[in-house]
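In: Turn this into a structure:
(one chain, ligands or ions: 2)
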Amino acid sequence: MTEKKLILQLRDELRQHNYNYYVLDNPTISDFDFDMKLKQLQTLEAQFPELHDPNSPTLRVGGEVTKNFKTIAHRQRMYSLDNSYSKEDLLDWETRIKKLVDGPIQYTCELKYDGASISLTYKNGTLFQALTRGDGSQGDDVTANVKTIKSVPLKLQGDFPNLFEIRGEIILPFEGFQTMNKDRIAAGEEPYRNPRNTASGSLKLQDSAEVAKRPLACFLYNIVGDNLGIKTQFESLEKARSWGFKVPKQARCLNSIDEVLEFVKYWDTARHDLPYEIDGIVVKVNDLHQQAELGFTAKAPRWAMAYKFKAEQVSTLLNSITYQVGRTGAITPVANLEPVELAGTIVKRASLHNADQIAKLDVRIGDTVYVEKGGEIIPKIMGIDRSKRPVNSQPVHYISHCPECQTLLHRKEGEAQHYCINSKGCPPQIIGRIQHYISRKALDIEGLGGETVALLVNAGLIHDVADLYPLTVQDVLPLERMAQKSADNLIKGIELSKQIPFERVLFGLGIRYVGETVAKTLARHYKSVGALSEANVESLESVDEIGKKIAESVYDYFRDETNIRLVSRLVSYGVQLELSEEAMANQTSILSGDRIVVSGVFESISRNDLKALIEANGGKVVSSISAKTSYLVAGENMGPSKRQKAEQLGVPIVTEQEFLEKF
Ligand code: AMP
Ligand code: ZN
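Out: Ligands and ions are numbered 1, 2, ... in the order given. Coordinates of the predicted model:
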């Protein structure tokens, strides 16, 4: 088979697997095999840039960076929906529309997904553009970001129209949201508040590679276009599904408002079992002719109505407030409630976030509070029933000292959270740091769990992560519930962790803002903890994707005596604190260290792909020519000043063809 054929075949295969996995929820190949095929395609595409396809499955990983999103007018306005909250509201709507159309009315009922609306345009079966709703008449072009969402088809299947728009909702399922938050907490960052805002925030990230990492999904519900030959809303959902879109199966075509009310009632409870958030039901007149007769008001279609569920709210007693100390010393106030049932679960605690939140609510011990569960995982206190406030109640005095070590708390200007800065002597911080170090994405020490860490610390056997390494079986045997076998496993696990690569050890150190990805970037750049610890803020900030906040945090970490001692003890025990030879070898590639300027228009490859190709091969794309430039890749119509400058400075100029021959 020629390479060209192979590339096309791999693209088709990968597309089908994506569809099976993300749209049908029915994968037919292992993740590993999928990755192997994807890598193979990436390699081939780098060799044959002339076969570039903007809709290749390899582009799902993102990489395109958008500094300013272009604002583009919607060909047809994106309306919002009128809301109803009761049976009476829905019956009123029915009365209104019955006066405006002839004949019986059928309704298509769909779930109202709580995310960010999106409008996708397809031309000749490929995704052409993705726009946010914006103000309804114009939205932002977020195509590069949306392309990374795996359930959005880049190429359609079946019998689709040549040109149409399809609208839907980008959502973040609960599970993915929780995983993202676990990772953030592990990196010492504030967790995201709810899936909806996180989904819409994701669409506006500048780096599409970041979007690609987020487990977003896209549900479609509305086809817009001329002469599509579709007669009903329900039919359009089926059509969209047949072209490869993800259209949830819960939609129903119903014959009366009574049936609609039953559907609404069913989902008011059943929604708690869905893996994603919905905030209501959308009822749409099914017949598209009737829809056209009904038309739009200035704000919304007359032919549709959203039924909004009440966020479930209960009232209960606030018994006490406790303060938790996290690994980074951050204090979180937690409300302890008289247990109460809410949205199908028993709630005992609610988050109060920080001191400002408590002051704003003026919540007091003994108050009857309203608790609500929105998209958030932990319920929130929404307000207080003042009529039930005990006469002698007092405002909450936020703690001034750490509940665990009695150190005076600090609060930095502009930050909402109070911190206990006694990082070395505060037990939950000590335990939290060690728990982070042994966690799955860090050192992943088998045979050692979070509870055992607490036991070890409380028994005075360890004070920091380096103390793990000299532990012996005899040391740990006396611990509660520690049998010979588990003691053996524990010590073996610790020994094995010396093989964990540098980047994961660096993540495990728990430096604030250094999450998994940042740790990887820093490890690859500096190659050893020695070089990293000597880097100044300027050097750190010059590393790709490292901003000021991270740079300062890393710099400060290595200016602390205790941290330096800790790291050097880890080195002495044989923990990996530099890149292995193997990892180094992987790093060197044909353009390694080259600084390349790209200018002009290219024939066989787009500018962005050319840049990606350079970076994938270890080169760096720089914007202006200097004496340090390795060479200039010149396309058509390159400005004369660039050529002159290159000639002056003796920077070699290569043509597109010459450059591509290297690969
Ligand atoms: P609202 O933002 O409350 O005005 O509600 C209108 C929004 O609901 C629309 O802009 C859509 O983004 C969203 N929506 C979610 N699910 C659906 C659905 N099944 N049909 C139509 N709109 C929906
Ligand atoms: Zn403390």
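In: Give me the below-cutoff pLDDT ranges for the stretch 501-650 of the chain.
Out: 585-589 (pLDDT under 70).
In: What segments of it are helices?
Out: Read by DSSP state H, counting those that start in this stretch, the stretch 501-650 of the chain holds these helices, from start to end of the chain: 502-508, 516-526, 529-534, 537-541, 548-557, 561-572, 581-587, 607-616, 640-649.
In: what does the shortest one contact?
Out: Pointing back at helix 537-541 there. Residues from elsewhere that reach helix 537-541 (C-beta atoms under 8 Å, 6 or more residues apart in numbering): 522, 546-548, 550-552, 554-555. For glycine as for every other residue, the C-beta is placed from the backbone atoms N, C-alpha and C.
In: For the spatially most central residue of the chain, give me phi and psi.
Out: Compute the mean C-alpha point of the chain, and by C-alpha atoms, centre = their mean the closest residue is Arg214, 3.2 Å away. Backbone geometry at Arg214, expressed as degrees, to the nearest 10, gives phi -90, psi 130.
In: Please apply the same query to Arg77.
Out: Here the main-chain torsion angles of Arg77 (degrees, to the nearest 10) amount to phi -50, psi 140.
In: Near ligand 2, which residues of the stretch 51-200 of the chain? Just list them.
Out: For the stretch 51-200 of the chain, no residue is in contact with ligand 2 (C-beta under 5 Å from the ion).
In: That should have said the chain, apologies.
Out: Neighbours of ligand 2 within the chain, by C-beta under 5 Å from the ion: 402, 404-405, 407, 420, 422, 426.
In: So which of those residues belong to strands?
Out: Among the residues of the chain next to ligand 2, the members found in strands (DSSP state E) are Cys420.
In: Show me the domain layout of the protein.
Out: According to automatic domain parsing, the chain is divided into the following domains: 3-61, 73-254+269-303, 311-408, 427-499, 502-585, 595-660.
In: Select, out of the ones you listed, the one closest to ligand 1.
Out: Checking the domains of the chain against ligand 1 by C-beta to the nearest ligand atom gives domain 73-254+269-303 as the closest, at 3.0 Å.
In: Spell out the residue ranges of the helices in the stretch 51-200 of the chain.
Out: Listed in chain order (using DSSP H, counting those that start in this stretch), the helices of the stretch 51-200 of the chain are 87-100, 143-146, 174-186, 195-203.
In: contacting residues around His52?
Out: Under the criterion of C-beta under 8 Å, 6+ apart, the contact list for His52 reads 45, 604-606, 609.
In: Which among those residues count as buried?
Out: The neighbour count (16 or more other C-beta atoms under 10 Å) marks 45, 605, 609 as buried among these.
In: And the pLDDT at the residue nearest to the last one when sequence neighbours are not counted?
Out: Which is Asp609. Nearest residue to Asp609, sequence neighbours excluded (C-beta to C-beta, 6 or more residues apart in numbering): His52, at 5.6 Å. The per-residue pLDDT reported for His52 equals 89.
In: Over to Ile377?
Out: Each residue has a pLDDT score; the one for Ile377 is 63.
In: returning to that earlier point: let's have the residues of the chain next to ligand 2 in a markdown table, adding neighbour count and pLDDT.
Out: As requested, these are arranged in a markdown table below (neighbours: other C-beta atoms under 10 Å; pLDDT from 0 to 100):
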| residue | neighbour count | pLDDT |
| --- | --- | --- |
| Cys402 | 24 | 97 |
| Glu404 | 18 | 95 |
| Cys405 | 18 | 96 |
| Thr407 | 16 | 97 |
| Cys420 | 27 | 97 |
| Asn422 | 19 | 94 |
| Cys426 | 20 | 96 |
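In: from the residues of the chain next to ligand 2, which is closest to Arg60?
Out: The closest of the residues of the chain next to ligand 2 to Arg60 turns out to be Cys420 (C-beta to C-beta; 42.9 Å).
In: How about the contacts made by the closest one?
Out: When the contact criterion is C-beta under 8 Å, 6+ apart, the partners of Cys420 are 325, 329, 331, 402, 404-405, 407, 409-410, 426, 429.
In: quick one: low-confidence ranges for the chain?
Out: In the prediction, the chain carries residues with pLDDT under 70 at positions 344, 374-377, 585-589.
In: Ligand 1 contacts on that one?
Out: Counting by C-beta under 6 Å from any ligand atom, the positions of the chain adjacent to ligand 1 are 80-81, 110, 112-113, 117, 133, 169, 221, 282, 306.
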